[in-house]
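Student: Sequence first, predicted model second:
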Amino acid sequence: MFPVECGTVYLVGAGPGDPDLLTLRAARLIGAAELIVHDGLVDDAILAMARPDARLVSVAKSRSRHSVPQDEINALLIREALSGRDVIRLKGGDPFIFGRGGEEAEECRAAGVPVEVVPGISAAIGCAAQAQMPLTHRDASSAVTFVAGQCKGLADQDWSGLAGVGRTLVIYMGVATANDIADKLMADGVSPSTPVAVLEKGTRRDSRAIRTILADLGGMIGREHVQSPALIVVGDVVLHGNAQDRLAAFAAQVESFS
C-alpha cells in the first residue's frame, strides 16, 4: 500500500533532443509538472516547455564525475514523493536504455513510492532516423546491439560477436574512449575497414553524421572535434545513409587505408 498523500515518480524519456519527438504523454507531464529532476542531456527547448513556476533540479552527469551521486538522486525522488509531490524524472532518450531508470524504479518501489515509466525515443533510434541510417537492413544487418563505451570500463565488457558482417553495433558514451573501442573491436576480429559513423547531437539543429572506417575512428573524432552527446555506429548500415557526398568521402577514406 502507498501512503495516502504520496506523490508519484514519473520516469519520463525526453528523446534524443528535438522537442517534436516527445510522446504526447511526456509533453503533457512536463507542461503540468511542479517539480522536474532532469539530466544534462535534456535539451533546453524541452525544459522551456515547463510551466513558469516549475522547480527544475539538474542532476547532470559528466564523464568520471557525477554532480549528484545516484544514491542521492534516488533519495531526492523518494523524499519529494513521500512529501506528497509528483516528481517528473526527465531523462535523455529512453529511461530504460542506459538511463538508470531501472535502478530508480527499484528504489522507489522499495520505499513504497508509486512509479510510472513514460518511454521515449532512444538516442540510437532518433539519431539514426535523422541520418536515414537503418540500424537493420535486409542487405546489411539482421541484428543490432546497444552497448555502453564506458560502463564499468571496457575491459569488463565482452563484445565478442556483436560487430561484423550482418550485424550493427551502436555504442553509447564512446567518444572519449574511441581509440580503445576501435582497438578492442579489431582485436576481436572485426575488420579495420568496417564502416563506422559518429552521430553527433542527433535530431538537434547542430547535428552531424560523420562516416569513416573502424581503423580511423579515433583519428576522425579528433580531427572533427566531435563532442558529446554522440553515438558510434559500426557496421554496413553506415553505407545506407542519406548523403551521397558523404558516401563519396567515405569511399575515398577507405581507399586511403587500403
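Tutor: Happy to help now that I have it.
Student: nearest spatial neighbour of the residue nearest the centre of the chain, skipping sequence neighbours?
Tutor: When C-alpha atoms, centre = their mean is applied to the chain, the residue found nearest the centroid is residue 123 (4.2 Å). Using C-beta to C-beta, 6 or more residues apart in numbering and skipping the chain neighbours, the partner closest in space to residue 123 is residue 93 (4.3 Å). Backbone N, C-alpha and C define where each C-beta goes, glycine included.
Student: rewinding a little: can you read off the pLDDT for the residue nearest to the centre of the chain?
Tutor: If you check residue 123, the pLDDT there is 95.
Student: again with residue 250
Tutor: pLDDT at residue 250 comes out at 59.
Student: re earlier: now for the residue nearest to residue 123, how many residues are close by?
Tutor: For residue 93, the number of neighbouring residues by other C-beta atoms under 10 Å comes to 29.
Student: quick one, what contacts residue 78?
Tutor: 9, 107-108, 111, 113 (C-beta atoms under 8 Å, 6 or more residues apart in numbering).
Student: my bad, should have said residue 160
Tutor: Residue 160 neighbours (C-beta under 8 Å, 6+ apart): residue 188.
Student: So which residues make contact with the one helix or strand residue 169 maps to?
Tutor: Per DSSP states H and E: residue 169 is located in strand 166-172. With contacts defined as C-beta under 8 Å, 6+ apart, strand 166-172 is touched by 98, 123-124, 128, 135-136, 140-149, 159, 161-163, 181, 185, 231-235, 237.
Student: Buried ones only from those residues, please, as a ChimeraX command.
Tutor: To isolate the buried ones among the contacts of strand 166-172 in ChimeraX, judged by 16 or more other C-beta atoms under 10 Å, type:
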select :98,123,124,128,135,140,141,144,145,146,147,149,159,162,163,181,185,231,232,233,234,235,237
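Student: Quick check: residue 112 vs residue 32, distance?
Tutor: For residue 112, the distance to residue 32 (C-beta to C-beta, to the nearest Å) stands at 24 Å.
Student: I'm done for today, thanks for sticking with me.
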